[in-house]
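# please work out how this folds:
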Amino acid sequence: MLPTLLNITANTLKYKFFKIRVPIVLSISITSRCNLKCTYCYSEEDNRNARDVSPEEIFKTIDEFYNLGTRVVMLQGGEPLIHKNLDDIVNYIKTKKMYCSITTNSINFERHINTLRKLDQVQLSIDGNKELTDRNRGSSVYDSLLNAIKLCHGNRIPFHLHTVITKDTTTENTLVPLTELANKYKTYLNFCIPAPTGSAKDKNLATNKQIHEFYKVILEWKRKGMPTNNSELGIIDVIKWGESHSFDSFIPSRDYIQKNKYSKCVMGNLVCWLDSSSMLHPCAIRFGQKGFAYSIKEFGVKGAWERLKNIPCHYCANSTEFNNLFNFKIKSVINSLKFVFNRH
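Alright, predicted model coming up:
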């Protein structure tokens, strides 16, 4: 872990002081297939039965990103546990001594338990209590998640609980059961605003006021001891954002960013997202938007990465944690290190 952290720090400093771009973090969708239909998914519904990326393609892509400086790989979907070659993919990434995490809905979790033990972090998606989670995700999903939580805890697999903020989850009734789970199983909560793409464009999006007010509650609860890896600085950034912008209008003027002293956006400069159709994006917010993605099949990994530097983004409410971390905001760095080492 230490060599990886030192490599990440060195490449972050190169960007901060010399503007040398390195794709430190790669979020990669290894499949667009999914066994659920969550009401706020940033993927399009008609993509959920498409292909898995072949292991050979993934290995080649990982090699090329590794050579560019990538040391963190976040496995995404669709639902990555569906991929029939998941075990081989995780093993390959770990042989390169890269930090590897996965985001999952927990279906078929136990089937992959030996592979999941090798991961540095598992992100389990949950919406609150059983009623709310099953309403947003599907019948009996909460029971599956609870089983996955117990398996992670029992097998000493680092994990945390991830909640997308929707119109249904912006109440203290969401925080109570989630906090109880996190405390019981010695882990963290993570909250995020949904990307206004895919299914989330039309369904279940919280209003600007709901998000703004809910983040105030999250801040209050964090200060009282709620275990969340959302940093206090990142939460405050979102609260400030909500006072001036709607959350589905993510890109403000550069003057506004400078005036309010937001950290410079690192998406497309230190972080990137590769979807299952081989399109490289700066972030999930830009999924499906023309002019904000480049094909690694057409341009190659290096060529597609180089083209991302022309993305005209300054900052958005969805990227506060990455931006504060990679801009060396000390409280965010400390908060992230606690999370990486899973210190409750």
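# that's a helix at residue 56, yeah?
Yes. With DSSP: H, G, I helix; E, B strand; the rest coil as the criterion, residue 56 is part of a helix.
# what residues does stretch 297-307 touch?
The contact list for stretch 297-307 (C-beta atoms under 8 Å, 6 or more residues apart in numbering) reads 21, 23, 61, 64-65, 68, 272, 278, 280, 294-296. C-beta coordinates here come from the backbone N, C-alpha and C atoms, glycine included.
# which positions within that stretch qualify as buried?
301, 304-305 (16 or more other C-beta atoms under 10 Å).
# repeat that for stretch 150-169.
151-152, 157-166, 168-169.
# check stretch 88-100 too.
Buried-residue list, stretch 88-100, by 16+ other C-beta under 10 Å: 89-90, 92-94, 98-100.
# quick one on the thing from earlier: of the buried residues of stretch 150-169, closest to residue 285?
Checking those against residue 285 by C-beta to C-beta gives residue 164 as the nearest, at 13.5 Å.
# next up, phi/psi of the closest one, please.
Main-chain dihedrals, residue 164, degrees, to the nearest 10: phi -90, psi 130.
# that one contacts residue 128, correct?
No. At 10.8 Å, residue 164 does not count as touching residue 128 under the criterion of C-beta atoms under 8 Å.
# for stretch 307-318, list the C-alpha coordinates in CSV.
Presented in CSV, the C-alpha positions along stretch 307-318 are these (Å, rounded to 0.1, in the frame of the first residue of the first chain):
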residue,chain,number,x,y,z
ARG,A,307,-7.9,14.6,-25.6
LEU,A,308,-9.6,14.8,-22.2
LYS,A,309,-7.4,17.8,-21.4
ASN,A,310,-9.6,19.9,-23.6
ILE,A,311,-12.8,19.2,-21.6
PRO,A,312,-14.1,22.7,-20.5
CYS,A,313,-15.1,21.9,-16.9
HIS,A,314,-14.1,24.0,-13.9
TYR,A,315,-15.9,22.3,-11.0
CYS,A,316,-19.2,20.6,-10.0
ALA,A,317,-21.1,19.6,-6.9
ASN,A,318,-20.5,15.9,-7.7
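# following the worst-scoring helix or strand of the chain on mean pLDDT, which helix or strand comes up?
When the helices and strands of the chain are compared on mean pLDDT, DSSP states H and E, helix 254-259 comes out lowest with a mean of 65. Going down the chain from helix 254-259, the next helix or strand is strand 271-274, by DSSP states H and E.
# which residue ranges of the stretch 101-250 of the chain form strands?
121-125, 159-164, 188-192 (DSSP state E, counting those that start in this stretch).
# average pLDDT for the longest one, rounded please.
The one in question is strand 159-164. For strand 159-164, mean pLDDT rounds to 94.
# list of residues touching it?
Contacts for strand 159-164 (C-beta under 8 Å, 6+ apart): 38, 40, 103, 121-128, 149, 152-153, 169, 174, 178, 181-182, 187-194, 229, 339, 342.
# many thanks, we can stop here.
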